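K.L.:
Coordinates for the following, if possible.
(chains A, B and C)
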Amino acid sequence: MDKPNNRLISLGGAAIAAPLGWLARAIDPPLRALQKLGGTNAMAAFFLAPNMLIFGVFVLFPLLVNIVYSMTGGNALFLTNRTFVGLDQYERLFSCANYLDPRSCREDLFWTAVWNTAWFVVLQVTLMVGVALVTALILNRELKARGFWRAVFFFPVLLSPVVVGLIWRWILQREGLLNFMLYSAGGEPVNWLVERDWAFFWAITVSVWAHMGFYALILLAGLQAIPKDLYEAAEMDGTRPVRVFWRITLPLLMPNLLVVLVLTLIRAVQIFDEVYVLTGGGPGTSTLFITQYIYEIGFASHLRNPGLASAASILMGLVLIVLTLFQLGVARRNDRRSGKT
Amino acid sequence: MSRITLSKVAKAFGAVKVLHDVDLDIAEGELIVFVGPSGCGKSTLLRLIAGLDQPTTGTISIDGKDVTRVAAADRGLAMVFQSYALYPHMTVRQNLAFGLENARMPRAEIDQRITEAARMLDIAPYLARRPGQLSGGQRQRVAIGRAIVRNPTAFLLDEPLSNLDAELRISTRAELAALHERLSATMIYVTHDQTEAMTLADRIVVLRAGRIEQVGSPLELYNTPTNLFVAGFIGAPRMNFLPAKIGETRAGKTAIRLEGAGPLEVQAASAAAHGEVTVGLRPHHLRLVSDGEGGIPAQVKLVEALGSETVVHTTTANGDGMLAVLGGQHKVSAGETVHFRFDAADLHLFGVDGLRIEAVTTP
Amino acid sequence: MSRISAFLLRRRGGERWHWTDVFTWFWLIAGFLVMFGPAAWLVNSSFKTPAALAEFPPTILPYVTELVTVEGYDQPLPLYRVTLEDGTERVLAEVRRIGIVAQMVDPADPAEVIRVNINQRTPQRTVSFATENYVQPLVANDFLRFLWNSVFVTVMATIITLLTNSMAAFALSKYNFRGRSTVMMLVIATLMVPLSVIIVPLYSVISAMGLFNSLWGVILPTVATPTGVFMLRQYMLTIPDELIDAARMDKASEWQIYWRIVLPLTAPALAVLAIFSVVWRWNDFLWPLIVLSRRELYTLQVGLNTYAGELNVQWHFILAMTVVTMIPVVLVFIFLQRFITTGIAGTGLK
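P.N.:
Numbering: from 1, shown residues only, chains lettered A, B, ... in the order given. Okay, the predicted model is just below:
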């Protein structure tokens, strides 16, 4: 770590720590009393309490209530004022003549969002993993100033989705930079965000642009963890390079690759912010994804139906649970492989 | 300066019993060493005394006061940990002061105690440094210093030398002994190294599998080990064990037949009750004799000539390993058959149950 | 073939350029342009006046047409470089334009009006940074308010996150109590529960607690991050238990052990979590969008989106405010990039 950074951090830390330190000293005597009274178990409870309280009220409780919520109807906000409708909301979501054709469904927006999301997930994840892998391989070469190049690709990761969306809206607008470049090259300007297919294309591209650096970083860490002597041993054996890639690099990178794959999947399913700012779901409904559907049905649209939004969010949750379990399985397998417990 | 008494102290972690009804009396000002192989429960016993763990049953008292349920902080003890456990984010001075501040001691007295401890341990030049900037030996001193400034009723030391290199360990050992002399404080010292135990202890407690095997002064343990385990554990190199058969008893003398060696007689009626026994011989007690003198024949496997002494690895006729440490230099080479003799007084006898048989031996 | 290996195996070696070297440099340079270019263009554009923004093709530098005050005219007039019929060049101010003819005057001699074909004149321009793009929304519009709201949410949420998460992590790593594994299971199980799955009931919880349209309604649901608890716990597990025992022998209370021993030693992990928390909370969008419906409570992200969603988008303000929104994150990036990247590589969190 560079020295100035340390100083910066400790300075910031001190600024926050000073009043907190006073507070910490002030609450020590009552806590000593608690410790005398209740022993270590009481102290464990004390340390857990704030986090678990917030966690329980704002995560666990809503998570459990959501199931009940999805079985109620009407416009009322509080559960106690809502009428129980059983599985009606789910029935409504699933009443469809042909699932492949959203227009034949009662909730055509839902199915449009589902299919848009499905396509988005497939294309975005493929592109994301591919680009991240190539980037990681390149950053893993013997480069001068690798830190700089790594930073270049990582830079957009920290930008807020709103900023990302606005940056690209500005580039892609009709009189924007991209059209100017196209025009300079002799092409015709395109209405990037007004044409359906182009809008979908840019939704994918922009989200890859924004997050790719993060995954490249994970893959790079995996590549750098592969011992150099393996390559040297392979070279001594006269192993052909392509074979070395397939038989050494790829298998050893597989744990990280799987983690990246599942993380991208989980996040692609929930895609919302940057695309919402970029296209607003349009043109029409061509970039309407599940989370936006939930948001609009639950909060924004004039056809507000919280129960329906809740049911849709539970369906999305189920998909995510499957992916998460898969991810935990992968993580456990990785841990076993690397000998951790 | 205090007396610590353990009575019927047992500890179980879940279903695993690590200590079985330990009774022990530690006298005031004594340096007592708990020794035993890893997993014998010696560290657990120390932690129970410290108050860091609670015994499952039994009581611990300090100066006659039952402290079994008293928290570690309030027992007035100080501990030196194996890893030293110095607070890495504090300077040496802050490390020493931390406990005293917690006890709300006035600043002036804290400073005075630190100064004194620093002088005693030669750590005054490092007071402003952090543990990470110190060598292993210096850290060790700071850890001891942290205990000293507390002016505790007793010191608990958990393998304090195990992280030092061999040379430093020997010099620090001597310093610790001197420190004990000077403070004349009760010290409980845990180690797995019997040499450390022998050199430091007023009394040694040998533990195995959660039980006390023997308590006694170093020489008591060396000269009259009460069982095979203690005999094997105390003394380096290890005692040789040879199987033997009991013969007839005549005129208060019982004959013993060592495999491949001449007959021996012991004056011990108790030995007669045993069919088979184990004979224990310390490597230092063996002498090389020529062929005709009727010693124990053994084939030489390896000779380590150290100059001042010669270590000879051999096997007896029935394949038992036997080690001999011979003073001075000898012309022995591998493959050769040699004969060993020993003084009858140096022989130890153990029954099939592993317990010592008291006997007076004559060849 | 060995060159392919060099590419695949991280080694370049050799003196001659191989296609893999070419590809590497292509990727790096294209990456540089694609990753930095858009943001750089945004920053660049944010200094242009509305008139300059509307220009096509766009210019690199933010030009403005020079204005001059001419006697007899109320408004300042734009200056043009004019080629007259006799071939001489002069700098004239334009009074008005009728069709393809511009009526112009010489600022030094405003009495005489010269008619010029508009193709014969080019604007006299200078580089000028339109800082009013920044000043005006901050001062006249609500952006200063939004900025303050964002700072408040970010700082508060980060402090609470660090405190509560580290306390929970301490209990979960250094105490043996009944139900510990249950709590751990809960934490792990919800590691991946995204906000979007619970927004509907969470919204009703927030409303029931009277936190709708309150910044605390934005802060509280985000602070009990399982990710933070998990990460800090993993780190605290590496702190030797002997240190805690030593502190207990030193008469430290459990709270002191947490505050004076464990917390300082967890500083590297806390720093990583703090950085992440700042970035997360600064960038949060969906939840503040739902909880905050009063304009004076908007965070920068929500405010920016609202302004950008208006029918008549004032791009010159939006661009400038986007830059303002980017600044803290870019600062974090510049100063703490190494910290973050090692943090990610180590913990896999984002």
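K.L.:
which residues sit against stretch C:95-102?
P.N.:
Residues outside stretch C:95-102 that contact it (Cβ atoms under 8 Å, 6 or more residues apart in numbering or on different chains) are C:73, C:77, C:80, C:94, C:103-105, C:113, C:115-119, C:121. For every residue, glycine as well, the C-beta is placed using N, CA and C.
K.L.:
tell me the SS of the residue lying farthest from the centre of chain C?
P.N.:
Distance from the centre of chain C peaks at C:D86, with 54.7 Å (Cα atoms, centre = their mean). Three-state assignment for C:D86 (DSSP: H, G, I helix; E, B strand; the rest coil): coil.
K.L.:
returning to that earlier point: lowest pLDDT pick from the contacts of stretch C:95-102?
P.N.:
The member of these with the lowest pLDDT is C:I118, at 74.
K.L.:
Can you tell me how far that residue is from chain B?
P.N.:
Distance of C:I118 to chain B, computed by Cβ to the nearest Cβ, to the nearest Å: 74 Å.
K.L.:
Next up, the contacts around that residue.
P.N.:
C:I118 is in contact with C:97, C:100-102, counting by Cβ under 8 Å, 6+ apart.
K.L.:
do the same with C:R180
P.N.:
Here C:R180 is in contact with A:44, C:172 (Cβ under 8 Å, 6+ apart).
K.L.:
What does it show for phi and psi?
P.N.:
With angles defined as degrees, to the nearest 10, C:R180 sits at phi -60, psi -40.
K.L.:
Report the separation between it and C:A168.
P.N.:
11 Å (Cβ to Cβ, to the nearest Å).
K.L.:
Just give me the neighbour total for the spatially closest residue to A:D273 that is not a sequence neighbour.
P.N.:
In space, and not counting its chain neighbours, A:D273 is closest to A:P161: 3.1 Å by Cβ to Cβ, 6 or more residues apart in numbering or on different chains. When neighbours are counted by other Cβ atoms under 10 Å in any protein chain shown, A:P161 registers 24.
K.L.:
Might you report the residue contacts of A:P161?
P.N.:
A:210, A:272-274, A:276-277, C:283, C:285, C:301.
K.L.:
And for C:P194, the neighbour number?
P.N.:
Counted with other Cβ under 10 Å, C:P194 comes out at 19.
K.L.:
these two touch, right, it and A:L323?
P.N.:
No: the pair C:P194 and A:L323 does not pass the contact test of Cβ atoms under 8 Å, sitting 11.0 Å apart.
K.L.:
Mutual contacts of these two, please.
P.N.:
Common neighbours of C:P194 and A:L323 (Cβ under 8 Å, 6+ apart) are A:I266.
K.L.:
And B:L200, how close does it get to chain C?
P.N.:
B:L200 sits 21 Å away from chain C, going by Cβ to the nearest Cβ.
K.L.:
what does A:L288 give?
P.N.:
Counting by Cβ to the nearest Cβ, the gap from A:L288 to chain C is 14 Å.
K.L.:
Give me the neighbour count for that residue.
P.N.:
24.
K.L.:
sec struct for it, please.
P.N.:
Three-state call for A:L288 (three-state DSSP): coil.
K.L.:
Who are the contact partners of it?
P.N.:
A:109, A:112-113, A:116, A:281-282.
K.L.:
List the residues that contact the closest residue to chain B within chain C.
P.N.:
Using Cβ to the nearest Cβ, the single residue of chain C nearest to chain B is C:D250, 3.3 Å away. The contact partners of C:D250, taken as Cβ under 8 Å, 6+ apart, are B:73, B:98-99, B:102, B:146, B:150.
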